[in-house]
Each structure stands twice: as structure tokens, then as C-alpha cells.
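1. any chance you can model this:
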Amino acid sequence: MTNVLKPAAKTGRDFLDLDRVDPSDLKAIMKLAHKLKASLLAFSPMEGKTLALIFEKPSTRTRVSFEVGFRQLGGHVTTLSGAEIQLGRGETIADTGRVLSRFTDMIMLRTFAHQKLDELAAGASVPVINGLTDFSHPCQVMADLMTAEERFGSLAGKTAVWIGDGGDNVLISWIHAAPIFDFTLTIICPPEFAPPTDVLIAAQKKGARVSVTADVNAVAGADIVLTDCWVSMHNSDAAARHERLSPYQVNVDLMRHAAENAIFMHCLPAHRGEEVTDEILDGPQSVVLDEAENRLHAQKAIMCWCMGVVIP
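-> I've put the predicted structure just below:
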């Protein structure tokens, strides 16, 4: 009989996708993120704890915000690259999760295939956080939603318009968020770049007001205009993508049709002059630096939730 290593009971909660977290918990995380930013509470709930950060993809905002955030909470961070560990090479990903659970108190993974995240979480007995996969980017979208709430007070009844690649991982997490935070989401993209049908159907079954169109005029009246780079790290068809997506650039002409007080969002890094022009990225409607800063506060709240920390 083959012996199979079994993980210990999970201590804490995983943060893998927005649609896999109870809506009331997501709203509690958001409330905590605002509180942490506003009060800059001086407390150390992670004292004596260690966070493992695993990066199979390059990172600036994710790495710095997680490292700084966990240290502000009093903990220690160990950062590993895919080249430094055998994630799926030499041992199973689940076994890596089991081993790291003996050394650390929480794991964040930034990787390519979403399956790796699920396998790591299945093996780990400590909380696992999705720092980005090719499928989704929930930490980024929690920061995005926090930024929008700072501007509008609430997302309920607002209209967000995504323009560009409908298969983008940030957009997938926005789709997951739509029924929870009660906003309308319009996705403008070429038909061949449409979001996965199963993701749309699942969100709509939960009450999401999500629609897809190829018509850039659908940006009319938008409160939030969103985009991301057209070529991601896993895309190999850069030239074809640029040619097909060029009519979907966010520029002054397009933003003119959004609501007067509309904001522009981009997770960064941006490819200036491609998916967005300098005039918009650096203009008064842009909140991209607020989004970047809020990664810190949103992720601190996520980590506290994962570890069951009660804020004083």
C-alpha cells in the first residue's frame, strides 16, 4: 500500500479567490483595511510568526507590500524565488506545502498555473494566500475596491467598466467581486478576448450585473474605468495582441465619455502608450498610486483575517 503524507488540520484560513471567501468576511476584511490605514495601529499580532513568500513570477508591489506589511504587524518574512526551491520539481507541490507548514505560519504564492496554488493550499496546514496566478489576482482587487470606496464611499450602485483583455487575471477577480460589493461591471473587449464563460455564469448566478460587449461606447457614464497591460508574462503572441487590442486603448477621447467624476484604475506596471496614454495615467482622474499603496493596507487586513487576529 502506498503511504500518503497527510497534512495536519488547517490552522487559519486560506485566501485563494474572492468567490471562495464568505461575502461577510470579505466586507470585514475591507472594513479592517480602512481601519488599519486610518489609525496606523501600533500593535504586533504577528510577533514570533513567519511568513514565507514564494515568487515564481517577478514582483515589485506584491513583494514590497507583503514584506513591509507583515513586518509592520511584528512578524518575520522569508522570501524565496522559484529558482531557489523545488516547487513541483523533485517533490510534489503539496509536499512543499506540508514541509513549509513545519517552518512558517503563513505562505504567499505568486505563480503561473492556478492549480499550483490549490495544490499548495491542499498540502499546507497553515494559511495560503494567492499573490497572483494566471487566473486571478484577489489581493490586487481588494486594494482596488478599497481605493474606490475611498473615492465614492461605497461601490453599491456604481458602474465599473473594464476595457481591453477580457481574460485578464485582475478582471477575473473583479468579476468575482461584483455580486459581493453590488456594482455593475461592463467588460469591453474583442470577442476572441472574452472572459471565461463559466466565470461569468457563476457570478451572474450569484446576482452579479456583469455584461460583455465589443463596443467601446459602452464606457458612457462609467464611474470607474479599468484596464491592464495587453501582454502578460505568460502570453507569447505579443504582436497579434497589440494589433487586435489597439482600438481599446484608454485615452482622453475615451475617458471623455465616462462620468464627470470617474476614476481611472490600473494595477501597474503600465505599458505607457499601449493600453493607456500618459495623459490619463498621470492625469487627475488616475488613482493608480492610491491602488498601489492600498495593497499594503488591504494585505495586512487579509493576513490578519487568515490568522484569526482580532483588532483592538
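2. can we go C-alpha only for contacts and neighbour counts from here?
-> Will do.
3. check G153 and give its pLDDT.
-> We note a pLDDT of 97 for G153 in this prediction.
4. end to end on stretch 34-46, go ahead and measure it.
-> 19 Å (C-alpha to C-alpha, to the nearest Å).
5. with stretch 48-60 instead?
-> Taking C-alpha to C-alpha as the measure, stretch 48-60 stretches 26 Å from start to finish.
6. which parts of this protein are helices?
-> 23-39, 61-72, 93-103, 114-123, 138-152, 169-181, 197-205, 238-245, 252-255, 278-281, 288-307 (DSSP state H).
7. who are the packing partners of the third one?
-> Where contact means 3 or more C-alpha pairs under 8 Å, 6 or more residues apart in numbering; DSSP states H and E, helix 93-103 is packed against helix 114-123.
8. picking up where we left off before, where among the helices of the chain is average confidence lowest?
-> Across the helices of the chain, helix 238-245 has the smallest mean pLDDT, namely a mean of 90.
9. which of the residues in that helix are buried?
-> Applying a neighbour-count criterion of 16 or more other C-alpha atoms under 10 Å, the buried positions in helix 238-245 are H242, R244, L245.
10. contact partners for the first one?
-> Read it as H242. When contacts are counted by C-alpha atoms under 8 Å, 6 or more residues apart in numbering, H242 touches W230, V231, E274.
11. which of those are buried, as a ChimeraX select command?
-> ChimeraX command restricting the contacts of H242 to the buried ones, with burial defined by 16+ other C-alpha under 10 Å:
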select :230,231,274
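12. closest one of the contacts of H242 to K31?
-> Checking the contacts of H242 against K31 with C-alpha to C-alpha, the nearest one is W230 at 32.2 Å.
13. these two touch, right, that closest one and R272?
-> No - counting by C-alpha atoms under 8 Å, R272 is not a contact partner of W230; they are 11.2 Å apart.
14. quick check: A94 touching V128?
-> No - with the criterion set as C-alpha under 8 Å, A94 and V128 do not qualify as a contacting pair; they are 11.8 Å apart.
15. more neighbours: these two, which one.
-> Using other C-alpha atoms under 10 Å, the more surrounded residue of A94 and V128 is V128, with 29 against 23.
16. distance of the more buried one relative to H34?
-> Distance from V128 to H34, by C-alpha to C-alpha: 23 Å.
17. do V77 as well
-> When C-alpha to C-alpha is applied, the distance between V77 and H34 equals 24 Å.
18. okay, now the closest residue to L32 other than its chain neighbours: neighbour count?
-> Counting by C-alpha to C-alpha, 6 or more residues apart in numbering, A301 is the residue found nearest to L32 once chain neighbours are left out, at 5.7 Å. The tally of other residues near A301 (other C-alpha under 10 Å) stands at 27.
19. got it, and V170?
-> Using other C-alpha under 10 Å as the criterion, V170 is surrounded by 25 other residues.
20. cool, and the one 4 residues further on?
-> Look at W174: counted by other C-alpha under 10 Å, it has 25 neighbours.
21. quick check, it in contact with V141.
-> Yes - with the criterion set as C-alpha under 8 Å, W174 and V141 qualify as a contacting pair; they are 6.4 Å apart.
22. how about V212, what does it touch?
-> For V212, the contacting residues are T186, I187, I188, C189, A194, taking C-alpha under 8 Å, 6+ apart as the criterion.
23. for the first one, grab the count of nearby residues.
-> What that stands for is T186. By the measure other C-alpha under 10 Å, the count of residues near T186 is 21.
24. do the one 4 residues further on as well
-> Residues contacting P190 under the criterion other C-alpha under 10 Å number 20.
25. nearest residue to it in space, ignoring adjacent ones along the chain?
-> A214 (5.2 Å).
26. my read is that the one you found contacts I188, right?
-> Yes - the criterion here is C-alpha under 8 Å, and A214 meets it with I188 at 5.2 Å.
27. can you tell me how far the residue lying closest to K158 once chain neighbours are set aside sits from L53?
-> Using C-alpha to C-alpha, 6+ apart and skipping the chain neighbours, the partner closest in space to K158 is F183 (5.1 Å). Here the distance between F183 and L53 works out to 32 Å (C-alpha to C-alpha).
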